[in-house]
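Trainee: need a structure here:
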Amino acid sequence: MDTTEMRRLFEAHREAEAARDIDGILATFVPDCFLETKALGLRSEGGDAVRAAYGQQYFTAFPDLSPEDEGIAHGDDVITVWGTLRGTSRGEWLGVPPGGGAFEVPFANVVPFRDGLMAGEAIYFDLATLCEQAGIPLERIRSAAAARRAGAARTG
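Mentor: Reported below is the predicted structural model:
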């Protein structure tokens, strides 16, 4: 894909995220896509797992989650986007009750492309600062993520 096509597809992906249109989000991904949250060490693989990550984790925990893209770099079949991630802890995240606070943290997304679609996303952000600002106990989130990783290792 050329950079214009990658950028156009990523913008459609961002529009679907803003609309909370999970089917629209998944339409930008290959069927065997992934969503990797580096700060938690969690990786969802496949359309069903990615759907659940968006719906049951991010959009439930942070209903106003909003990335503000501030820069973009292109490579061969990959783009990296960075900016500021904002949201408010309003719902349960990985089984941890909401803290009610708003957060604003730097983020970066690395997005590889394959077969004319996004292969997935690797998301980087400062977990400690997000938790502190949102009023969420950092160690509880880390423990919940560790338990989820352990469960995935046993079933995978």
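Trainee: ok, so what distance separates the closest residue in space to residue 39 that isn't next to it in sequence from residue 45?
Mentor: Of all residues not flanking residue 39 in the chain, residue 127 sits nearest, at 3.8 Å (CB to CB, 6 or more residues apart in numbering). Glycine gets a C-beta too; all of them are placed from N, C-alpha and C. Residue 127 is 21 Å from residue 45, where distance means CB to CB, to the nearest Å.
Trainee: tell me the strands in this protein, going along the chain?
Mentor: For the chain, the strands defined by DSSP state E cover 29-37, 42-45, 66-75, 78-88, 102-114, 117-125.
Trainee: Compute the inter-axis angle for the first one and strand 102-114.
Mentor: Here strand 29-37 runs at an angle of 140 degrees relative to strand 102-114 (axes from the mean of the first three to the mean of the last three CA atoms, to 10 degrees).
Trainee: buried stuff in strand 29-37?
Mentor: Within strand 29-37, the residues that qualify as buried are 29-30, 33-37, counting by 16 or more other CB atoms under 10 Å.
Trainee: of the residues you listed, closest to residue 115?
Mentor: Checking the buried residues of strand 29-37 against residue 115 with CB to CB, the nearest one is residue 30 at 5.6 Å.
Trainee: Show me the shaky parts of this protein.
Mentor: Within the chain, the stretches with pLDDT under 70 are 153-156.
Trainee: any idea which helix is longest in it?
Mentor: In the chain, assigned by DSSP state H, the helix with the most residues is helix 138-155.
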